[in-house]
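>>> This is the structure alone, sequence omitted:
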Ligand SMILES: O=C(O)[C@H](O)COP(=O)(O)O
Ligand SMILES: [Mn+2]
Ligand SMILES: [Mn+2]
């Protein structure tokens, strides 16, 4: 693996910057009524489709390091592939492999087991309960439960975050039933394994990029302190909350499971806690709440002294958490690192919801710049929920700032993420998602024009689909709102006013995907595609 970029013998970089625009969640759908991208009025995207430099890229499954081609893409694996220029085995795959080999039950697992065997306190497992395979997988949870039983752990408490965002909007009860059956089977020979608390992932525990610490506080109160509305079972909680609130899984309020003696699973001194999510963005804040001695993001109450482990290490720079079950994907030599080494100035910009995507995920799950003197990271503060009431989100402000920075900071390489197609797509609201795509298209046109005026090149792509498929066809023929990502390909277009036809000719290798974008950008910047990187999309 090269650690230094080499000049390309023939490619001349533009006078201005190369700007890579990620339209989060804007894939290429079937063009039907549930395809919000096709339904939207998108003069800019329409123009891009006519360029010689337009193609489509794979953004899901094995093309982005997921276990199989039945797996959707997501922001983590998509931005990892974009930034690393290679296909890296991702958390979903690494954890499954570590379970098969037994490597997952290494030193961090031992510490947890030894802790609870000594103290008599429960082993607590916290995480997203689904088979979405974006942040977690229920099979991983069950493997941990089976092993705990095998090792004679007497008490386990599971704290379940309800999904409905990477899986159907109201699917929580199916996962709860499956988990309860496992817990009942394992609760024999004196063992006592139960669900202790939970809530919808968008309002309980799984905040990211410090958008709203209240979300984590609600989780802390329910999981750790046993504070919150009490129910006899998770099924009863979900059924009642469906009826009372009309909300779907991702937004259901927190709940605590209690019996005649009170909450069944507050987390106390001497316990062990495993956060079984493998993806870091929405796991880091809870990790900090458990690990940091000095902490003032919310009042924790007395912090229990526990043995804490993550499914993996979520941040390689911050080394969070300090103990983890599975080694994270090793992603070195990302294009950001190589450009920093070559002294090329870089700007990364997005709004809060996607800020870490163009910094942390782009850099291989590292939060810090490689060279702060030549990298500028700009976060535009996001609006609060409900986002479907503001589908334009902060696209205009991001665009204003980006254009201002082209003149003020004068970066040679820019990466920007527009969150709208994805964040509004996840709400399942078709009308709002059409508006979201239109807002992005408007801003896309502004950026392309600003870059053209500064003699630069724009590369437009997306990290995975979402807005392009707003419905699923159920087996009974009925339509069901789809809140999760799609498995569709994503667009790739390059606008280079120097090229006849407005963009360079492409020669995409077979099965071209997101991992081919880094070499493409580097080549446009006048560098050779680095050794080990996947090929550039440009024709010779
Ligand atoms: O975390 C989320 O919001 C979803 O699980 C996946 O969306 P993202 O991968 O686009 O962030
Ligand atoms: Mn995304
Ligand atoms: Mn998403």
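Ah, there it is. Quantities reported herein were computed from a predicted structural model and do not represent experimental measurements. Ligands and ions are numbered 1, 2, ... in the order given.
>>> near ligand 1, which residues of the chain?
Residues of the chain found near ligand 1 (CB under 6 Å from any ligand atom) are 24, 74-76, 134-135, 165-166, 282, 422. To be clear about C-beta, it is placed using only N, CA and C from the backbone, and glycine gets the same treatment.
>>> Among the residues you listed, which are located in helices?
When DSSP state H is applied, the residues of the chain next to ligand 1 are split such that 75-76, 422 fall in helices.
>>> Dump those to TSV, plus distance to ligand 2.
Output for these, formatted as TSV (distance: CB to the ion, whole Å):
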residue	distance to ligand 2
75	3
76	8
422	5
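>>> Among those residues, name the buried ones.
The neighbour-count criterion (16 or more other CB atoms under 10 Å) marks 75-76, 422 among those as buried.
>>> quick check, nearest of those residues to ligand 1?
Closest approach between those and ligand 1, by CB to the nearest ligand atom: residue 75, at 3.2 Å.
>>> Now do the contacts for the closest one.
24, 281, 354, 357, 361, 422, 463-464 (CB atoms under 8 Å, 6 or more residues apart in numbering).
>>> same thing but at 10 Å, please
22, 24-25, 134, 208, 279, 281, 353-354, 356-358, 361, 417, 419, 422, 463-464, 466, 485 (CB atoms under 10 Å, 6 or more residues apart in numbering).
>>> what do you get for residue 521?
18-20, 82-83, 85, 335, 339, 413, 415, 457, 459, 461, 494, 527, 529, 536-537.
>>> As JSON lines, the buried ones among the ones in helices among the residues of the chain next to ligand 1 with distance to residue 213 and pLDDT would be great.
JSON lines is the format used below for these (distance: CB to CB, whole Å; pLDDT from 0 to 100):
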{"residue": "75", "distance to residue 213": "21", "pLDDT": "98"}
{"residue": "76", "distance to residue 213": "21", "pLDDT": "97"}
{"residue": "422", "distance to residue 213": "22", "pLDDT": "98"}
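>>> re the thing from before, and the contacts of residue 521, which of them are in strands?
Within the contacts of residue 521, residues falling in strands by DSSP state E are 18-20, 413, 415, 457, 459, 461, 494.
>>> and the residue of the stretch 151-300 of the chain found nearest ligand 2, backbone torsions?
Residue of the stretch 151-300 of the chain nearest ligand 2, by CB to the ion: residue 281 (10.5 Å). Main-chain torsions, residue 281, degrees, to the nearest 10: phi -50, psi -40.
>>> so what's residue 219 up against?
Per CB under 10 Å, 6+ apart, neighbours of residue 219: 126, 159, 161, 197-199, 201, 203-207, 228, 254, 285-286, 289.
>>> what ranges do the helices span in the stretch 401-540 of the chain?
Ranges of helices within the stretch 401-540 of the chain are 420-425, 430-453, 517-524, based on DSSP state H, counting those that start in this stretch.
>>> looking at these, which is closest to residue 3?
Closest of the helices of the stretch 401-540 of the chain to residue 3 is helix 517-524, at 13.9 Å (criterion: CB to CB).
>>> from the chain's centre, how far out does the closest one sit?
A distance of 23 Å separates the centroid of the chain from that of helix 517-524, by CA atoms, centre = their mean, to the nearest Å.
>>> Now it: average pLDDT?
Per-residue pLDDT over helix 517-524 has a mean of 98.
>>> buried set for that helix?
By 16+ other CB under 10 Å, the buried positions in helix 517-524 come out as 517-524.
>>> Let me have these in TSV, extended by distance to residue 184.
Below are those laid out as TSV (distance: CB to CB, whole Å):
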residue	distance to residue 184
517	48
518	49
519	52
520	53
521	53
522	55
523	58
524	58
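>>> quick revisit: spit out the contact partners of the nearest residue to the residue of the stretch 151-300 of the chain closest to ligand 2 once chain neighbours are set aside.
Distance criterion CB to CB, 6 or more residues apart in numbering; nearest residue to residue 281, sequence neighbours excluded, is residue 208 at 4.2 Å. Contact analysis of residue 208 by CB under 10 Å, 6+ apart lists 75, 215-216, 279-285, 352-357, 360.
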